[in-house]
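Q: sequence and predicted model, in that order:
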Amino acid sequence: MGRETIAAISTPAGIGAVGIVRISGPNAKMVLENVWISGLIKVENFITHRLYYGKISTDNRIIDNVLAVWMEDPHSYTGEDVVEIHCHGGSVSTKNVLNAILGGGAKPAAPGEFTMRAFLNRKLDLAQAEGVAEVISATSEKALRLASDQLNGKISDEVHGLLEGLKEVKALVEATIDFPEEDTELIAEANVCEMLLPVQKRIGGLLSTYNEGRLIHDGVRAVIVGKPNVGKSSVLNALIGNERAIVHHTPGTTRDTIEESMELGGILFSITDTAGIRESSCEIEKIGVKRSKEKLSSADIVLVVLDASRPLDKEDAEVLEETGSIERVILLNKSDIAENKDEETFDFDDKTKKISTSAVTGVGMEELKKALISSVDKDALIDSDGAIITNLRHKHALDEADTAIGYSLEVISKKESAEFVAHHIQAAMNALMKITGEVTTEDVLNSIFSKFCIGK
Amino acid sequence: MYDIIIIGGGHAGVEAALSAARIFSKRGEKKRVLLVTGKVSTIGHMSCNPAIGGLAKGHIVREIDALGGEMGVAADLTGIQFRRLNMSKGPAVRATRCQSDRNSYMRHIQKVLKQETGSRKHEGLHLGLELKEAIAEEIIVENGRVVGIMTSTGERLAARKVVITTGTFLNGLLHYGMEQEEGGRAGDFASHGLSKSLINAGLKLGRLKTGTCPRLKSETIDFSSLEKQNGDTPQPKFSFRRTTHPLEQLPCFITHTSAETHDIIRAEIHRSPLFSGKIKGTGPRYCPSIEDKVVRFASRERHQIFLEPEGMDIPEVYVNGLSTSLPIDVQLKIVRSIKGLKRAEIARAGYAVEYDFVLPTQLYPTLEVKNVSGLYTAGQINGTSGYEEAAAQGLMAGVNAARSILNEEAVILSRSDAYVGVLIDDLVTKGTEEPYRMFTSRAEHRLILREDNADMRLSELGNNINLLDDEQYQRFSAKRGSMERLVIASKEALRRKRTVDLSNEPEEIRAAVEIELKYEGYIKLQNQTVERLKDLEHFKIPADLDYDKITSISNEVRAKLKEVRPVTLAQASNISGITPAAISILMVCLR
């Protein structure tokens, strides 16, 4: 077939208990295998149309616990091999899973592409086809509308600029190929490199904004800190409504940081549980404590957990001091077993919002969520001058272009012939054209003829 | 009653006549093909510079040859200087070019046509190819179908198919300075009736311009002071067939314009029909006139000029690089300001020619006119420039006209099959606003469309459509056999870190195998892209598809689709402004 394997999130955007990432194409199983971790069943042993439990990982990091199903060609929606991954809902976790899948070898699906493949493989009849045509056109209209958004407008301006730059280089290279007998100024290889480097730099710059874009999409960083055994992990679990972190009464159970994402009031939060901060002789715990402190420095907001059932001690004071200069919320945890219910003991800082919580009963969790939402200055999040990459497809296109330019530079340094340089430049242009409109060969020729005196 | 009438005896007309006649004759069909031309004695004439091939054009000649066309053989047999260009670059962009002996070329073409006119007869009627000296004045169309032509003497010739290959002759207007005269090219009549009858048949015509360079008398040039450019030895060949290079090889010479040349041009620019607005047609940017170069690139101190021999026994030299429509007295001043040409005399002056062309988006990829069944146009009349581009279209139009008579499926080459496919797809899908010339940069699958593999790409097809002669096919089969064997053996050897000894293989095969191995990675990549496109290519769009009934596409997209009426989804996707979403919708509606 020669068709690529594609993947996309198939559930609607927004919060939901379950999100589905769909992979379709000849390599669907292989892609899953690249990110699948399960002690029980390997992907190659999957039986068609059965659900399997496992974990998705990337870079040796577990991203999510999921259910996966393989539907063998042709008994699937698209008529190809399809793998569907049922992961945790909410845009961040599904996005992370999709990202891992794309890293595993799938290409991002274009709008309507699954449905289109279903047609190609005769999975839908004519009546259904009519309906789907509407859907596809609606999708493209939506895409058009989106494109006129300011944010996207900026990106396409930026990408147009990059394409313009590449077009100029391509014209140079093509001129040397198609007009070998002209005495046009000889184009030194260094010249082509010099023109490619700024383009590469700009792509790099644009790619780096993906992290900035993540603040909008992947969330505000909230870090949970406190001395050991005050219930930080229980707070995390209660907040996300999931037994994510191992909870144990043994102090120092959490030795590494654990990150979870959730959506509150339309804003994404990345919530990090850290190892309890204390002096420890254990080497592993020391590293954990060091990481906790590092996390603090990158936090947008800190949740300081205190044990309300016990008096404050030196370790608590240390934590409070460490977090003094950061925006924080203080959680008076274990309120369910606190003997000392009057909060006067903890009346040490007027400015700080204090919430009485119990991770066990769930008391105070709603209040905490509200506090988190109100801590965010929403305007600050969207206000940005330059183009920001938030769309995974855009990021992939830019990555692809970046790689292709890398190849062109490599080919030049190896003194390979110009048509191979042109090949990679074209690949970079093709990648960028996925974001914005096309640059035709005619455009390249126009550029050649406007620059060089060509023709005998 | 003729089966096919071809109007015009240029490079397109010749290939059209030969391919149609050969297909009929090989299959033993009792069919009649007629070539009508104003002057039988100038069939196969090279109106511009006597050179064939060059970047992308050499590729086309090899493709024509691999399909069973004549141009490659003719070039090999009549060339007086052969070179391969771009040898410092990779195999895909190396190309063969030759200077031809103008008269020998013409004689060879006429000889081959005579052979094809043969002596096959059926019930008293001549079968196969006939030549006729007449001026076609009118295309006769009845009920949307071509039924024949009318000549200037009022003779009516009935035909089932008509192929028009009249080059620059439609309403041709020659410019020598501010003076104009009607003509198809210097010394030939223009055709007015044809333009009118095409318009009457509902076709839209555009206007283009092209120019030629002055020819100088050889004995008045001081070659001793000029840089000499010899051809390559051994001489490269165009044809995959068993051909030779019988003619003596001659050098070209290189000189340059001077500051004085540029001063003369600036002083006389008001006498240029190009700059005074007299010429309305669009000229080719890749072949600008010298006045254009001097004005647009004012900072250039000099421009390169090639002095090319017109042939063995023609005492004339073509001044390549000096295309101009300035008056003859200025041309002489310009010429004499150039090194080596101080005492040169002009044998024939340069001139510009303006002519009508058929907007090629009105054609199917078979080159049949969409709204006149049975009528084909090929060559310069479709807005192209160059002998090679013309010959390629002629060949394809001849093949498709013949196959249509035989009720066989049309032959359409894809963009990944051949430059010929790129050429025709560009023309019928995108149209053109200047004389269209092929460049390698137009081919997105350039790395697999090489001169060396033109036979591997096309000769099987050429044989299937009864164009290849048996000897050529046997040669091809043998070569393909050894190539496949050697490529497999070499790959296996590479894996074991050994080498295969290719030194006993013919040079052609050795080079081809090496390319296959050395560029395997790139070739694989492009083949993958091609595979992905195959889906769209196999997706045929019915000719009667009612785009108005497809509600989900935008009006703009609909208008474009209605204009081009693409034959496949691949063609549709090449129309500018057609979005991937529109393609998806078409796909949906067609399923």
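A: Looks like it arrived, so ask away. Numbers count the residues shown, from 1 in each chain, chains lettered A, B, ... in the order given.
Q: let me know the pLDDT of A:Gly252.
A: Taken from the predicted model, the pLDDT recorded for A:Gly252 is 63.
Q: quick check: closest non-adjacent residue to the residue of the stretch 1-150 of chain B at minimum distance from chain A.
A: Checking the stretch 1-150 of chain B residue by residue against chain A with C-beta to the nearest C-beta singles out B:Gly90 as nearest, at 3.7 Å. Using the backbone N, CA and C atoms, a C-beta is placed for each residue, glycine as well. Counting by C-beta to C-beta, 6 or more residues apart in numbering or on different chains, B:Gly90 lies nearest to A:Ser417, which is 3.7 Å off, once chain neighbours are set aside.
Q: from what I can see that neighbour touches B:Lys89, true?
A: Yes. In this structure, A:Ser417 is within contact of B:Lys89 by C-beta atoms under 8 Å, at 4.2 Å.
Q: three-state assignment of B:Leu157?
A: strand (DSSP: H, G, I helix; E, B strand; the rest coil).
Q: equivalent analysis for B:Gly311, please.
A: Assigned with three-state DSSP, B:Gly311 falls in the coil class.
Q: which residues does it contact?
A: The contact partners of B:Gly311, taken as C-beta atoms under 8 Å, 6 or more residues apart in numbering or on different chains, are B:Pro50, B:Ile80, B:Ser100, B:Asp101, B:Arg102, B:Asn103, B:Ser104.
Q: and if you look at A:Val169?
A: So A:Val169 contacts A:Val192, A:Met195, A:Leu196, A:Val199, A:Ile425 (C-beta under 8 Å, 6+ apart).
Q: tell me the average confidence for the helix or strand it falls within?
A: When secondary structure is defined using DSSP states H and E, the element that contains A:Val169 is helix A:150-178. Averaging the model's pLDDT scores along helix A:150-178 yields 83.
Q: equivalent analysis for stretch B:485-496, please.
A: Average pLDDT, stretch B:485-496: 88.
Q: contacts for it next, please.
A: B:Thr499, B:Val500, B:Leu502, B:Glu505, B:Ile509, B:Val513, B:Glu516, B:Leu517, B:Glu520.
Q: what's the ChimeraX line that selects buried ones from the residues you listed?
A: Below is the selection syntax for ChimeraX that covers the buried ones among these, with 16 or more other C-beta atoms under 10 Å in any protein chain shown defining burial:
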select /B:500,502,505,509,513,516,517
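Q: residues in contact with residue 416?
A: Just going to use chain A. Counting by C-beta under 8 Å, 6+ apart, A:Glu416 touches B:Gly90.
Q: wrong one, chain B
A: For B:Ser416, the contact set (C-beta under 8 Å, 6+ apart) comprises B:His445, B:Ile448, B:Leu449, B:Gln526, B:Val530, B:Leu533.
Q: got the phi and psi for it?
A: The main-chain torsion angles of B:Ser416 are listed as degrees, to the nearest 10 and equal phi -100, psi -10.
Q: local confidence estimate at it?
A: You'll see B:Ser416 listed with a pLDDT of 94.
Q: ok so, going back, farthest pair within the contacts of B:Gly311?
A: Greatest spatial distance among the contacts of B:Gly311 (C-beta to C-beta): B:Ile80 and B:Asn103, at 11.0 Å.
Q: good, we can wrap up now.
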